[in-house]
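Enquirer: Take this sequence and fold it.
(chains A, B, C and D)
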Number of protein chains: 2
Amino acid sequence: MTRAPQKRRLETRAKLLTVAKTIVATQGYSALRVEDVVAHAGVAKGTFFSHFGDKDGLLAVILGARMTEFLDEMEATPPPTHPEDIAIRLTPMLDFVAQDRVIFDLLLRYSGTTGAEVDAVITESFTRQITMFAGWIAQMQAHGQIRADRDPALLAEGIQAFLNHVLALGFCMEHEKQPPAQALAPFLSCWLVR
Amino acid sequence: MTRAPQKRRLETRAKLLTVAKTIVATQGYSALRVEDVVAHAGVAKGTFFSHFGDKDGLLAVILGARMTEFLDEMEATPPPTHPEDIAIRLTPMLDFVAQDRVIFDLLLRYSGTTGAEVDAVITESFTRQITMFAGWIAQMQAHGQIRADRDPALLAEGIQAFLNHVLALGFCMEHEKQPPAQALAPFLSCWLVR
DNA sequence: GATAAATAGTGACCGTAGTCAATTTATTAG
DNA sequence: CTAATAAATTGACTACGGTCACTATTTATC
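Expert: This next block holds a predicted model:
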């Protein structure tokens, strides 16, 4: 049977996370180097990988926490009552993801995993997000604001698809950069209204 | 002004491409190593990068050619007359992209670029695809098969979004693997019919 | 406390993408 | 034909993620 982690291990992990978060905060996600993290944390490289599996594992922990914060905020505010509101609610999260390609890539990669270990945080935040969307949709359907002839789960997944689409577009076309939330609007209105 | 490339350069480029295509054909995209390519082509590493910029540049050339083939085939066959037909038309291309994560990642990365140099092939194939979708849609709208209250361009972009969505899902969830074209169907029907 | 077993940590080493000053080869001008 | 210039190629070198056999530390057993 598996033993509980020792105090020392928890401290090491905390050290690594603190250093990583500092680097991310000061230099951004794409500037994060495993070698810098271990150097500043004063541990060996192997230790890093024994804790997080790989670089993405660390990023998943940090990003998962951030996503959870966004979800908490969204669930704390009243749900949108019109399709146009959805894009507004999502703006902070979209702007966050749009800020760095690294974030988007990692989220996309983990977006539908069955969530094995460390990265479970991200997986969970995704299912939570879809569930939240479905809740919004059911509500709006009940109030006759949007089409009611489809399963909220399908419509929720569709929103996710459009989210990723506008984010991907934002990274590709440097020109004519409208904010992602704005690009999202026409898709949502078409997707939810018949 | 820029001079035309010398014969030697074209030969080198052809050699590199031939070797790369062979490796891809026998071992798959994810097994491609720049070092193997240059070794088999009998040129130095720097030469590779002077030709393709980076590894993705080479992949873009190869993938761009493949995508163009798919588009040629699709344009050679009569356009779909019903939403359900769309998924069927797309099946070969979807299966191809779904076969290897490397393909999907690269396509996604280049999907909306303004297309500077080498990678222009991919960019072009994307705009061509969207245009083709829009054509299909306009046709179906004219025949009253699908909703006609939205711009074909928007609906075409939406299809692209769903394409990427089902592909991404397919890579994440190893379990319950339905073919991408099948996963696409419900989204298309909801997206195009009101 | 001694010793065995499990857990934590180490750092030299590897694989592979990408860089660039130097060199070789082709083209043009006189 | 030769010198000057431009194009093409070279390969040693760097950056960085990731591995693993080994050492060190903690915990359990008697």
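
Enquirer: Tell me how far residue A:59 lies from DNA strand D.
Expert: 9 Å (CB to the nearest atom of the strand, to the nearest Å). C-beta: built from backbone N, CA, C; applies to glycine.

Enquirer: ok, that residue touching residue A:106?
Expert: Yes. Using CB atoms under 8 Å, residue A:59 is in contact with residue A:106, at 5.4 Å.

Enquirer: just for chain A, where's the confidence low?
Expert: Chain A contains residues with pLDDT under 70 at A:1, A:112-119, A:174-176.

Enquirer: Can you tell me which residues in it are near DNA strand C?
Expert: A:2-3, A:5-6, A:8-9, A:11-12, A:42-47, A:50-51 (CB under 7 Å from any atom of the strand).

Enquirer: Spatially central residue for chain A, please.
Expert: Nearest residue to the geometric centre of chain A (CA atoms, centre = their mean): residue A:67, 4.6 Å.

Enquirer: So for it, what's the nearest residue that isn't a sequence neighbour?
Expert: residue A:125 (4.0 Å; CB to CB, 6 or more residues apart in numbering or on different chains).

Enquirer: Neighbours of the one you found, how many?
Expert: Applying other CB atoms under 10 Å in any protein chain shown, we find 23 residues neighbouring residue A:125.

Enquirer: for the one 3 residues further on, same thing?
Expert: Residue crowding around residue A:128 was assessed by other CB under 10 Å; the count is 16.

Enquirer: list the contacts for it?
Expert: Residue A:128 is in contact with A:68, A:71, counting by CB atoms under 8 Å, 6 or more residues apart in numbering or on different chains.

Enquirer: tell me the phi and psi of it?
Expert: Residue A:128 adopts backbone torsions of phi -60, psi -40, taken as degrees, to the nearest 10.

Enquirer: ok, so what distance separates the residue nearest to residue A:67 from residue B:71?
Expert: According to CB to CB, to the nearest Å, residue A:125 stands 37 Å off from residue B:71.

Enquirer: Domain parsing of chain A, as residue ranges.
Expert: Domain ranges of chain A: A:1-52, A:59-192, per automatic domain parsing.

Enquirer: Please see if the shortest one touches chain B.
Expert: The reference is to domain A:1-52. No. Using CB under 8 Å from any CB of the partner chain, domain A:1-52 never reaches chain B; the gap is at least 14.2 Å.

Enquirer: Distance from that domain to the middle of the chain?
Expert: 21 Å (CA atoms, centre = their mean, to the nearest Å).

Enquirer: just the longest one next, same as before
Expert: Computed by CA atoms, centre = their mean, the chain-centroid distance of domain A:59-192 equals 8 Å.

Enquirer: Start and end of it, how far apart?
Expert: Using CA to CA, to the nearest Å, one end of domain A:59-192 lies 34 Å from the other.

Enquirer: burial of the closest residue to residue A:91 other than its chain neighbours, as a residue count?
Expert: Nearest residue to residue A:91 in three dimensions, chain neighbours excluded: residue A:181, at 4.3 Å (CB to CB, 6+ apart). Applying the criterion other CB under 10 Å, we find 21 residues in the vicinity of residue A:181.

Enquirer: I'd like to know which elements the helix or strand hosting residue A:181 is packed against.
Expert: Following DSSP states H and E, one finds residue A:181 within helix A:180-192. Helix A:180-192 sits against helix A:83-98, helix A:152-172, helix B:152-172, helix B:180-192, with contacts defined as 3 or more CB pairs under 8 Å, 6 or more residues apart in numbering or on different chains; DSSP states H and E.

Enquirer: In contact with residue A:171, which residues?
Expert: By CB under 8 Å, 6+ apart, the residues touching residue A:171 are A:98, A:101, A:104, B:109.

Enquirer: One more pass at 7 Å, please.
Expert: A:101, A:104 (CB atoms under 7 Å, 6 or more residues apart in numbering or on different chains).

Enquirer: where's it relative to DNA strand C, distance?
Expert: 17 Å.

Enquirer: Likewise for residue A:120?
Expert: 18 Å.

Enquirer: count of residues packed around that residue?
Expert: Neighbourhood size, residue A:120 [other CB under 10 Å]: 16.

Enquirer: now swap in the one 4 residues further on and tell me
Expert: Neighbour count for residue A:124, taken as other CB under 10 Å: 15.

Enquirer: residue in chain A nearest to DNA strand C?
Expert: Using CB to the nearest atom of the strand, the single residue of chain A nearest to DNA strand C is residue A:46, 1.8 Å away.

Enquirer: What separation do you get for that residue and residue A:52?
Expert: 12 Å.

Enquirer: again with residue A:21
Expert: Taking CB to CB, one finds residue A:21 at 13 Å from residue A:52.

Enquirer: for residue A:83, same thing?
Expert: 39 Å.

Enquirer: Wait, residue A:166 touches residue A:184, no?
Expert: Yes. Residue A:166 is within contact range of residue A:184, at 5.0 Å (criterion: CB atoms under 7 Å).

Enquirer: Spit out the contact partners of the closest residue to residue A:33 other than its chain neighbours.
Expert: Using CB to CB, 6+ apart and skipping residues adjacent in sequence, the residue nearest residue A:33 is residue A:23, 8.0 Å away. By CB under 7 Å, 6+ apart, the residues touching residue A:23 are A:31-32, A:36-37.

Enquirer: hang on, the earlier thing: compare residue A:46 and residue A:52 (neighbour count), which wins?
Expert: residue A:52 (23 against 9).

Enquirer: who's in contact with residue A:139?
Expert: Contacts of residue A:139 (CB under 7 Å, 6+ apart): residue A:79.

Enquirer: Secondary structure element holding it?
Expert: helix A:120-142.

Enquirer: Same check on residue A:81?
Expert: Here residue A:81 is assigned to no helix or strand, by DSSP H and E.

Enquirer: do the same with residue A:58
Expert: helix A:55-76.

Enquirer: That helix: which residues count as buried?
Expert: Neighbour counts over helix A:55-76 (16 or more other CB atoms under 10 Å in any protein chain shown) mark A:55-56, A:58-64, A:66-67, A:70-71, A:74 as buried.
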